[in-house]
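Sharing a model prediction with you, sequence too.
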Amino acid sequence: MRPETRAELARRLHRYLETGSTAMADEVFPNPVSAYTSEERLALERRLLFREHPLLVGFSGRLAAPGDYLTDDDTGMPILVVRGEAGTLHAFANVCRHRGARVVDGCGQGKRALSCPYHGWTYDLDGRLIDVPGEEGFPGLSREDHSLRPLPVAERHGLVWLRPVPAEPDTPIDVDGLLGGLAPELASYHFERYHHFETRTLRPRINWKMAVDTFLEAYHLATLHRQTVAPIFIGNVCAADRFGPNHRMIAVRRSFAELHDRRAAERDFLQHTIELYTLFPNVVLVHQADHVELWRMFPGSTPDDSTVHLSLYVPDPPTTDKMRRHWAANLQLAIDAVDREDFRLGEGIQRGFRSGAQDHVTFGRNEPALSHFHRSLRRALGLE
Ligand code: FES
Ligand SMILES: [Fe+2]
């Protein structure tokens, strides 16, 4: 983050604290309950957001070396991402070109080749078909025409993006364009140097957007998180800025209010705040002074459930038991607050939506990130 940006944000947040105010949207936003319950809406989201729109897969450190791979089945397209021999990242449809079996399961490191478990067709790390057992059964088979089907993938500022549709040659992913002006700020954090500690998957019984909503206001901290987050962070105070459909919300630790020396507040800004970036459409990147939580939300099988992946990225490789215990405790803290408090409460909301008690929910002016997220979605879906 640029020093001028830090200084301006520090001044803005101090002003909010002094005047007992916070960032405000222009108006109250009524959001229809059907956004969270409608099958048609979900079908539209699946097509326009989870197939055609590029999605953030993770940090480069998740796939640091040749042969490191992961698979992903959250979009309807079975996805395989693997780092090739020369260090280039590839994404493929995880579908064998013989009879369609999944070529690889799970995630891992150091694969030398990609071998299908069904009949053993084998692909190199760049997706080329290199071995066909009993090849005499396939006279005239063109290996070249039976490479794994590539998907568009891009790696920039330590972030890996892909689009889960078969690649067209002239549709590269424009990461800086997607970031809507956030690129220099995200680049300044050097995410490419971070190491992947662990990814956990949660399956809350809430719409995927409610899982995102949970991160988009500081209004609930003092009440819902009275025991967990509120002792550390100040409730109902945040700075909010839009970057295209993306958003940056900054909440402040209690220690920030005690920094009466403004120079210190500007200099040590990141130590006393938390930066929550909504990266459209389905990611919340939580930047803390010493680590990053990456929350990726996907629709489940109905509008009422979702799949949420939480990845913890840390600045140094955890080489000792002490470090591993430290980061495991951090991960558990995040899960305790979000899964046990936010998502559990959200499950009650989702059930309440089905009651017909109301046809909309109300985002206050003090919840500007929520209205921006839902407006951006409506725009992307052609609903306004
Ligand atoms: S389906 Fe993969 S080798 Fe037959
Ligand atoms: Fe929360």
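Sure, I can see it. Residues are numbered from 1 along each chain as shown. Ligands and ions are numbered 1, 2, ... in the order given.

going forward, measure contacts between C-alpha atoms and count neighbours the same way
Will do.

give me the number of residues near the residue in the stretch 101-250 of the chain that ligand 1 sits nearest to?
The minimum distance from the stretch 101-250 of the chain to ligand 1, using C-alpha to the nearest ligand atom, falls at H119 (3.7 Å). H119 is flanked by 14 other residues according to other C-alpha atoms under 10 Å.

Next, work out how far apart it and V103 are.
Per C-alpha to C-alpha, to the nearest Å, H119 is found 10 Å from V103.

same check, this time on R97
9 Å.

Can you classify the spatially closest residue to the residue of the stretch 101-250 of the chain closest to ligand 1 that is not a sequence neighbour by secondary structure?
The shortest distance from H119 to any non-neighbouring residue, by C-alpha to C-alpha, 6 or more residues apart in numbering, is to P133 (7.4 Å). Under DSSP: H, G, I helix; E, B strand; the rest coil, the three-state class of P133 is coil.

how close does S311 get to ligand 1?
31 Å (C-alpha to the nearest ligand atom, to the nearest Å).

can I assume that residue sits in a strand?
Yes: looking at S311 with three-state DSSP, it is inside a strand.

Can you name the residues bridging to it?
Note on S311: beta-bridge partners by DSSP bridges are T199, L294.

Test my guess that it contacts Y194.
No: using C-alpha atoms under 8 Å, S311 is not in contact with Y194, being 11.6 Å away.

what's around the closest residue to D174 other than its chain neighbours, how many residues?
In this structure, D174 finds its nearest non-sequential neighbour in A154, 8.0 Å apart by C-alpha to C-alpha, 6+ apart. With neighbours defined by other C-alpha under 10 Å, the count for A154 comes to 20.

The one 10 residues further on now?
By the other C-alpha under 10 Å criterion, the neighbourhood of P164 contains 25 residues.

OK, contacts around it?
F50, R51, E52, P54, T75, M77, I79, L151, P152 (C-alpha atoms under 8 Å, 6 or more residues apart in numbering).

And the second one, how close does it get to L202?
In this case it means R51. 22 Å.

the more surrounded of those two?
R51 (18 against 14).

my guess is that one contacts P152, does it?
No: judged on C-alpha under 8 Å, R51 makes no contact with P152 at a distance of 11.4 Å.

Name the residues contacting each of those two.
By C-alpha under 8 Å, 6+ apart, the residues touching both R51 and P152 are R163, P164, V165.

More neighbours: which of R97 and V103?
Shown here are R97 and V103; by other C-alpha under 10 Å, V103 has more neighbours (23 against 20).

Correct me if wrong: that one contacts A113.
No: taking contacts as C-alpha under 8 Å, V103 lies outside contact range of A113: 10.6 Å.

So what's the residue count around G100?
G100, neighbours per other C-alpha under 10 Å, totals 11.

Check the secondary structure at it for me.
coil.

Within range of ligand 1, give me the residues from the protein.
The interface of the chain toward ligand 1, taken as C-alpha under 6 Å from any ligand atom, is made up of C96, H98, R99, G100, A101, C116, Y118, H119, G120, W121.

now, the most widely separated pair of those residues?
Spatially, the most separated pair among these is G100 and G120, at 12.1 Å (C-alpha to C-alpha).

Give me the below-cutoff pLDDT ranges for this structure.
167, 169-170 (pLDDT under 70).

can I see the domain layout of it?
Following automatic domain parsing, the chain resolves into domains at 3-50+182-380, 55-172.

circling back to that earlier point, is it correct that the residue of the stretch 101-250 of the chain closest to ligand 1 is in contact with G134?
No: judged on C-alpha under 8 Å, H119 makes no contact with G134 at a distance of 9.5 Å.

Residue most distant from the centroid, the chain?
E136 (46.0 Å; C-alpha atoms, centre = their mean).

Please confirm that that residue is located within a helix.
Yes: assessed by three-state DSSP, E136 belongs to a helix.

Strands along the stretch 201-350 of the chain, start to end?
Using DSSP state E, counting those that start in this stretch, the strands assigned to the stretch 201-350 of the chain run over residues 233-243, 246-253, 273-279, 283-288, 291-299, 306-314.

Would you format those as JSON lines with distance to F92 and mean neighbour count included?
Shown next, in JSON lines, are the strands of the stretch 201-350 of the chain (distance: least, C-alpha to C-alpha, whole Å; neighbours: other C-alpha atoms under 10 Å):
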{"stretch": "strand 233-243", "distance to F92": "30", "mean neighbour count": "22"}
{"stretch": "strand 246-253", "distance to F92": "27", "mean neighbour count": "23"}
{"stretch": "strand 273-279", "distance to F92": "23", "mean neighbour count": "23"}
{"stretch": "strand 283-288", "distance to F92": "22", "mean neighbour count": "21"}
{"stretch": "strand 291-299", "distance to F92": "20", "mean neighbour count": "23"}
{"stretch": "strand 306-314", "distance to F92": "20", "mean neighbour count": "22"}
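
Reformat those strands as a markdown table; add distance to G20.
A markdown table is the format used below for these (distance: least, C-alpha to C-alpha, whole Å):
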| stretch | distance to G20 |
| --- | --- |
| strand 233-243 | 8 |
| strand 246-253 | 13 |
| strand 273-279 | 17 |
| strand 283-288 | 24 |
| strand 291-299 | 29 |
| strand 306-314 | 33 |
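
Which one of those strands lies nearest to H146?
strand 291-299 (30.6 Å).

Packing partners of that closest one?
helix 208-213, strand 283-288, strand 306-314 (3 or more C-alpha pairs under 8 Å, 6 or more residues apart in numbering; DSSP states H and E).

which helices and strands does the last one pack with?
Using 3+ C-alpha pairs under 8 Å, 6+ apart as the contact criterion, the elements in contact with strand 306-314 are strand 195-202, helix 208-213, strand 291-299.

and the angle for it with strand 195-202?
160 degrees (axes from the mean of the first three to the mean of the last three C-alpha atoms, to 10 degrees).

Please state the offset of strand 306-314 from the chain centre?
7 Å (C-alpha atoms, centre = their mean, to the nearest Å).
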